[in-house]
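Engineer: prediction below, plus the sequence it came from.
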Amino acid sequence: MPLSSAPARADEEGMRGAFLHTRPMDNYLTLSSPGEATYVEKRSRFLAFAHHVGSEEEVKTLVEQYRREYYDARHVCYAYALGTEGERFRAVDDGEPGGSAGKPIHGQIVSRGLTETLVVIVRYFGGVKLGTGGLAVAYKTAAGAALDAAATEERILTSEVKAQVPYPDADAAMRLARGVGAEMLPPDYTDVATILRFRIRQSEEPALIAALQKIHTLTVLSEE
């Protein structure tokens, strides 16, 4: 999906690929509040902004906002990671030498185990060239400082499980579900049975189903 419907700058290069996080598949770390930082190197100013984002459209909106606000800046570079595994990402150099801006920004997102995260860095040139290596260090440092200034939170992915059970066995089913940490949701009723609904962490869903199946009169319902 293109980042913007406007023509892309000729030097914007997207990088996409696998997100090398080692963590459970049903949780992820993201930002719960924005962070900002300023880094100065040889009179060049790097204004860094870190945000939680949930979509590429949100990325587009924020990047365009910074480009309008800092219209006189030479470069507005950024990187983001989306998806629970950070598997959708992009790094943009915006006129800096290839790989000297977007890649180190993205590297800071990855190194902190974050996803659904955008970092934008606005650079005002100070008159002294930093070189590719110097730029990479500056963008990495600014991005890290902005992320460190932001608050993070763990988000848990959950599943909803439904089961049909005769009225006399409903209480037993609820006890078993609570025993594996499931949250009870409001039930539904038919003429002869209770439709129980539970919410549970995705990685614990097999344990919940196994517990419920100890009641032979109970049927776990498939999602429609």
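Structural biologist: Noted; the coordinates are in hand.

Engineer: regarding Lys129, what is its secondary structure?
Structural biologist: Under DSSP: H, G, I helix; E, B strand; the rest coil, the three-state class of Lys129 is coil.

Engineer: residues in contact with the closest residue to Thr30 other than its chain neighbours?
Structural biologist: Nearest residue to Thr30, sequence neighbours excluded (Cβ to Cβ, 6 or more residues apart in numbering): Glu116, at 4.3 Å. No exception for glycine: its C-beta is placed from N, CA and C like everyone else's. With contact taken as Cβ atoms under 8 Å, 6 or more residues apart in numbering, Glu116 is in contact with Tyr28, Thr30, Leu31, His52, Val53, Gly54, Ala81, Leu82, Gly83.

Engineer: all strands for the chain, in order.
Structural biologist: Secondary structure of the chain by DSSP state E: the strands cover 27-33, 35-41, 44-52, 75-82, 88-92, 117-124, 151-156, 158-166, 183-189, 193-201, 219-221.

Engineer: in this structure, where is pLDDT below threshold?
Structural biologist: Where the chain drops to pLDDT under 70, the residues are 1-24, 223-224.

Engineer: what residue spans form the domains of it?
Structural biologist: 27-155, 158-221 (automatic domain parsing).

Engineer: ok now the last one, how far from the chain's centre?
Structural biologist: Averaging C-alpha positions (Cα atoms, centre = their mean, to the nearest Å) puts domain 158-221 30 Å from its chain's average.

Engineer: then stretch 106-121?
Structural biologist: The answer for stretch 106-121 is 9 Å, by Cα atoms, centre = their mean.

Engineer: keeping just the C-alphas, turn that stretch into CSV.
Structural biologist: What follows is stretch 106-121, C-alpha atoms only, in CSV (Å, rounded to 0.1, in the frame of the first residue of the first chain):
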residue,chain,number,x,y,z
HIS,A,106,14.1,1.5,12.1
GLY,A,107,16.9,-0.3,13.9
GLN,A,108,16.1,1.6,17.1
ILE,A,109,12.4,0.5,16.8
VAL,A,110,13.5,-3.1,16.3
SER,A,111,16.1,-3.1,19.1
ARG,A,112,13.5,-2.0,21.6
GLY,A,113,11.1,-4.8,20.5
LEU,A,114,8.5,-2.3,19.4
THR,A,115,5.8,-2.3,16.8
GLU,A,116,2.9,-0.1,15.8
THR,A,117,5.5,2.6,16.1
LEU,A,118,6.6,5.6,13.9
VAL,A,119,9.7,7.8,14.4
VAL,A,120,10.0,10.9,12.4
ILE,A,121,13.2,13.0,12.4
